[in-house]
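Engineer: Here is the input, now give the coordinates:
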Amino acid sequence: MKRAAPILAGVLMFLLLAALARLVPLNQDEGWYLLAVRRVSQGHTPYTGFTFTQAPALPYLYQPVLPLIRAFGLYGARLFQALLLSLTAGIMLHALSPRRLADALPPLALLLAPLYLQYGLTVKTYALTGLLLTAAAALWLRGPERRTLAASAVLLALASATRLPFALLFLPLTLSLLLRRKSLGDRPWITFAASGGAALLLFFTPFLLRDPGAFFFQTLGFHAAREHSFPSAVHLGFMLRALYTALPLLVATLFLRTPFGARPPEEKALWAGIGLMTTVHFAAPHPYDEYLAPLYPLAVLLIVRAASRRALPVSSLHRFALLVLLFHLTSPYLHAWLPLQTDRIWNRTRRETDLDTLEYTARILQKFFDEEAVLYTPDSYLAIQANREVPRGLEMGPFSFSVREARPALMDWPAIQAALAQSDLAAFTGYQFIHSPQIVPFTPEEEARFRALLAEDFLHYTTVEGFGQGRLPLEIWVRQ
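Structural biologist: Residues are numbered from 1 along each chain as shown. A predicted model of the protein is given here:
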């Protein structure tokens, strides 16, 4: 049962996540990432062939998602996310070696945090990054054996090639090996640093050689250019939401009462990395609490590992797991998963989830419009669900820009006009009217200008209420 417990727990978690994947609200990023996957399958390259503002690995590693999308639509891509989260749980439990399935309850309870599940099931970089970080940490915690250190470094480099800031984790881990040179010698730190450095060069060099300016602007400059009217309030909100999500982990740490100095050096290095990455993400111009999602399973692994050393009674751990599950039920994220819609001072129940509405809208496009029709939409998950192409250059919706030049004025009027000229249909919500990367709305005059430009060649076909992220009205226009 010792080997079967992680597998069985992973299967049970996948079944639960597959059901939850239909409830999680839609997110604009899902369409952008999946359009990047489509572009790579068509032979295009990130940064020079299409806009992509993350590290380059995801569009290549997500190629297995395309058959799932053809079979199940966006829900198929979310099933892939559920698989990644389940593999993360399986790797964690394998590292902890539970003897019974009941022994796996505490780590699984901690992994069911709604913030972690929401952004893990959403098609973004977090599930893949969290899986790679957890696998790298599991190998790192085995000790300074050269083969495991090399494999850990390669996985960490791949996580960095999925989400660039996590390359900073090499600093505390390499420093930990350097500080133990007297007892370990030079081979461990050289092996770890050389393996990680070689893997980073392998993953990033092709894109840096092709166009370094495009790479650095899209992965760093774009994010640095973001602005917000109330930055202090945004950062405070990030801290409060992160604290709420991490509260069970903090309680567990206090419950274990393990002095930090008594922890193994491998664990200290990983905790230092978690602190470093939390600080880096907090310092971002516009921090989102979802940035910490890949670190969450890493923290759970360290806490449960410490609990296993204490040899606490199983009954105590199960009571703690039950309290954690009850705490998760109080999460404000769960309210957004329910098919509710606020109408002034009361809530109205909707029969459809966000995913249901997306599937209904996609069927409208598939039924009445030819498969070759090009769809202008900043709500890119509609193009994914309907299996329709978007104009070249519109891969990131309102955050798209020309890959031929690094300029702060993204999706300017000539670019919008050129995209409309390529299109047979136009479908948009209020996300059309966003200036990027500053994240400020169009003025009324600019919105009127867009509608006048649209009306020159398109006729309004229908409006779908409660569509997509924010559950906004979606207008569908057809070329005359």
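Engineer: And the average pLDDT for stretch 35-44 is what?
Structural biologist: Stretch 35-44 comes out with an average pLDDT of 96.
Engineer: List of residues touching it?
Structural biologist: 46, 49-50, 52, 58-60, 62-63, 65-66, 380, 383-384, 390, 395-396 (Cβ atoms under 8 Å, 6 or more residues apart in numbering). (C-beta placed from N, C-alpha, C; glycine too.)
Engineer: go on, stretch 15-29?
Structural biologist: 74-75, 78-79, 81-82, 85-86, 117-118, 121-124, 336-338, 353-356, 358, 378-381, 397, 431, 468-469.
Engineer: I'd like to know the phi and psi angles of Tyr461, please.
Structural biologist: phi -100, psi -50 (degrees, to the nearest 10).
Engineer: scratch that, Val374 is what I was asking about
Structural biologist: Here Val374 shows phi and psi, under degrees, to the nearest 10, equal to phi -90, psi 130.
Engineer: Just the buried ones from the contacts of stretch 35-44?
Structural biologist: Neighbour counting over those (16 or more other Cβ atoms under 10 Å) leaves 46, 49-50, 52, 58-59, 62, 65-66, 380, 383-384, 390, 395-396 as the buried ones.
Engineer: Return the member of these nearest to Leu171.
Structural biologist: Leu58 (23.4 Å; Cβ to Cβ).
Engineer: Confirm the closest one sits in a strand?
Structural biologist: No - residue state for Leu58 (DSSP: H, G, I helix; E, B strand; the rest coil) corresponds to helix; a strand is not indicated.
Engineer: show me what contacts it?
Structural biologist: Taking Cβ under 8 Å, 6+ apart, we find Leu58 in contact with 33, 36-37, 125, 128, 162.
Engineer: for those, which one is nearest Leu101?
Structural biologist: Taking Cβ to Cβ as the measure, Leu101 lies nearest Leu128 of the contacts of Leu58, at 26.4 Å.
Engineer: Leu365: how many residues sit nearby?
Structural biologist: Per other Cβ atoms under 10 Å, the neighbour tally for Leu365 reads 23.
Engineer: Once you drop chain neighbours, what's closest to it?
Structural biologist: In space, Leu365 comes closest to Ala386 once its chain neighbours are excluded; the distance is 4.3 Å by Cβ to Cβ, 6 or more residues apart in numbering.
Engineer: measure Thr45 to Pro391 for me?
Structural biologist: Counting by Cβ to Cβ, to the nearest Å, the separation of Thr45 from Pro391 is 18 Å.
Engineer: from memory Ala137 sits against Ala299, does it?
Structural biologist: No - the pair Ala137 and Ala299 does not pass the contact test of Cβ atoms under 8 Å, sitting 10.0 Å apart.
Engineer: Those two - which one has more neighbours?
Structural biologist: Ala137 (29 against 21).
Engineer: Helix or strand for that one, just tell me which one.
Structural biologist: Per DSSP states H and E: Ala137 is located in helix 126-140.
Engineer: coming back round to it: closest one to Leu111 out of the contacts of Leu58, please.
Structural biologist: Of all the contacts of Leu58, Leu128 has the smallest distance to Leu111: 15.9 Å, by Cβ to Cβ.
Engineer: Neighbours of the closest one, how many?
Structural biologist: Burial of Leu128 is recorded as 24 neighbouring residues (other Cβ under 10 Å).
Engineer: next one: Leu108
Structural biologist: Each residue near Leu108 was counted by other Cβ under 10 Å, and the total is 23.
Engineer: now swap in Ala448 and tell me
Structural biologist: As a burial measure, Ala448 scores 11 neighbours (other Cβ under 10 Å).
Engineer: quick one: it is in a helix?
Structural biologist: Yes - counting by three-state DSSP, one finds Ala448 located in a helix.
Engineer: if I look at it, how far off is Ala455?
Structural biologist: From Ala448 over to Ala455 (counting by Cβ to Cβ), the distance is 10 Å.
Engineer: What residue, apart from its backbone neighbours, is nearest Gln385 spatially?
Structural biologist: Ala362 (3.9 Å).
Engineer: Tell me the spacing between the one you found and Asp379.
Structural biologist: Plainly put, Ala362 is 11 Å away from Asp379 if you go by Cβ to Cβ.
Engineer: who has more neighbours, these two?
Structural biologist: Neighbours per residue (other Cβ under 10 Å) separate Ala362 from Asp379, with Asp379 holding more: 27 against 20.
Engineer: Leu83 and Ser195, how far apart?
Structural biologist: Computed with Cβ to Cβ, the distance linking Leu83 and Ser195 is 27 Å.
Engineer: Let me know whether Leu158 touches Ala199 as I believe.
Structural biologist: Yes - with the criterion set as Cβ under 8 Å, Leu158 and Ala199 qualify as a contacting pair; they are 6.9 Å apart.
Engineer: Which one of the two is surrounded by more residues?
Structural biologist: Set Leu158 next to Ala199 and count neighbours by other Cβ under 10 Å: Leu158 wins out with 24 against 19.
Engineer: So that one belongs to a helix, correct?
Structural biologist: Yes - with three-state DSSP as the criterion, Leu158 is located in a helix.
Engineer: who are the neighbours in contact with the nearest residue to it once chain neighbours are set aside?
Structural biologist: Spatially, and ignoring its direct neighbours in sequence, Leu158 is nearest to Leu132 (5.3 Å; Cβ to Cβ, 6+ apart). By Cβ under 8 Å, 6+ apart, Leu132 lies in contact with 155-156, 158-159, 162.
Engineer: can you rerun that using 10 Å?
Structural biologist: Neighbour list for Leu132: 57, 61, 84, 88, 91, 154-163, 166, 294 [criterion: Cβ atoms under 10 Å, 6 or more residues apart in numbering].
Engineer: which parts of stretch 470-480 are buried?
Structural biologist: Counting neighbours by 16+ other Cβ under 10 Å, one finds that the buried residues in stretch 470-480 are 471-472, 474-478.
Engineer: For the stretch 201-350 of the chain, give me the ranges with low pLDDT.
Structural biologist: Low-confidence segments of the stretch 201-350 of the chain (pLDDT under 70): 227-229, 257-261.
Engineer: Would you state the helices of it in chain order?
Structural biologist: Under the criterion DSSP state H, counting those that start in this stretch, the stretch 201-350 of the chain contains helices at 212-216, 222-224, 231-256, 265-282, 295-310, 314-328, 332-337.
Engineer: Name the SS class of the residue nearest to Gln385, please.
Structural biologist: For Ala362, the reduced secondary structure class is helix; criterion used: three-state DSSP.
Engineer: which among the contacts of Leu58 gets closest to Ala272?
Structural biologist: Comparing every one of the contacts of Leu58 with Ala272 (Cβ to Cβ), the shortest separation belongs to Thr162, at 21.4 Å.
Engineer: I'd like to know how many residues surround the residue nearest to the closest one when sequence neighbours are not counted.
Structural biologist: If the residues on either side of it in the chain are set aside, Thr162 comes closest to Ala57, at 4.4 Å by Cβ to Cβ, 6+ apart. Other residues within reach of Ala57, judged by other Cβ under 10 Å, total 23.
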